[in-house]
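Colleague: how would this look folded up:
(one chain, ligands or ions: 1)
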Amino acid sequence: MTATRKRFIAGAVCPKCQSQDTLAVWRENDVDTVGCVKCGFAQRQTDQQLADNKTMEPENIIGIFHLD
Ligand SMILES: [Zn+2]
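Modeller: Numbers count the residues shown, from 1 in each chain. From the prediction side, this is the model:
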């Protein structure tokens, strides 16, 4: 198993299950991926999507979880 750091996004709502504060961001194969820890939704973020996504701003990150 590879240690993965997931950064949870404060106030973000999952587009799939509509839960709040369940979305996290992590690096997967050098691509930023946003996923929901509740329902398993996952979406890779391109640089253009990141620029348009205000939820990715650092001040919205509520914590860094070390799973190793
Ligand atoms: Zn979800």
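
Colleague: up against the ion, what does the protein have?
Modeller: Selection of the chain residues close to the ion by Cβ under 5 Å from the ion yields Cys14, Lys16, Cys17, Cys36, Lys38, Cys39, Phe41. Where C-beta positions appear, they are placed from N, C-alpha and C, glycine not excepted.

Colleague: output the below-cut-off pLDDT ranges for this structure.
Modeller: 1-3, 46-68 (pLDDT under 70).

Colleague: tell me where it has strands.
Modeller: With DSSP state E as the criterion, the chain has strands at 5-9, 23-28, 31-36, 42-44, 61-66.

Colleague: could you dump these to CSV with mean neighbour count?
Modeller: Output for those, formatted as CSV (neighbours: other Cβ atoms under 10 Å):
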stretch, mean neighbour count
strand 5-9, 18
strand 23-28, 18
strand 31-36, 18
strand 42-44, 13
strand 61-66, 11
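
Colleague: now the residues of the chain next to the ion: which count as buried?
Modeller: Neighbour counting by 16 or more other Cβ atoms under 10 Å classes Cys14, Cys36, Phe41 among the residues of the chain next to the ion as buried.

Colleague: in contact with the second one, which residues?
Modeller: The one in question is Cys36. Applying Cβ atoms under 8 Å, 6 or more residues apart in numbering to Cys36 gives the contacts Cys14, Lys16, Cys17, Ser19, Thr22, Leu23, Ala24, Ala42.

Colleague: state the distance from the last one to Val34.
Modeller: Yep, that's Ala42 we're talking about. Using Cβ to Cβ, to the nearest Å, one obtains 7 Å as the distance from Ala42 to Val34.

Colleague: what of the second one?
Modeller: Separation of Lys16 from Val34 (Cβ to Cβ) stands at 11 Å.

Colleague: ok, now the fourth one?
Modeller: Look at Ser19 and Val34: by Cβ to Cβ, they are 14 Å apart.

Colleague: ditto for the third one
Modeller: Here the distance between Cys17 and Val34 works out to 14 Å (Cβ to Cβ).

Colleague: got it, and the fifth one?
Modeller: Using Cβ to Cβ, one gets 11 Å for the distance from Thr22 to Val34.
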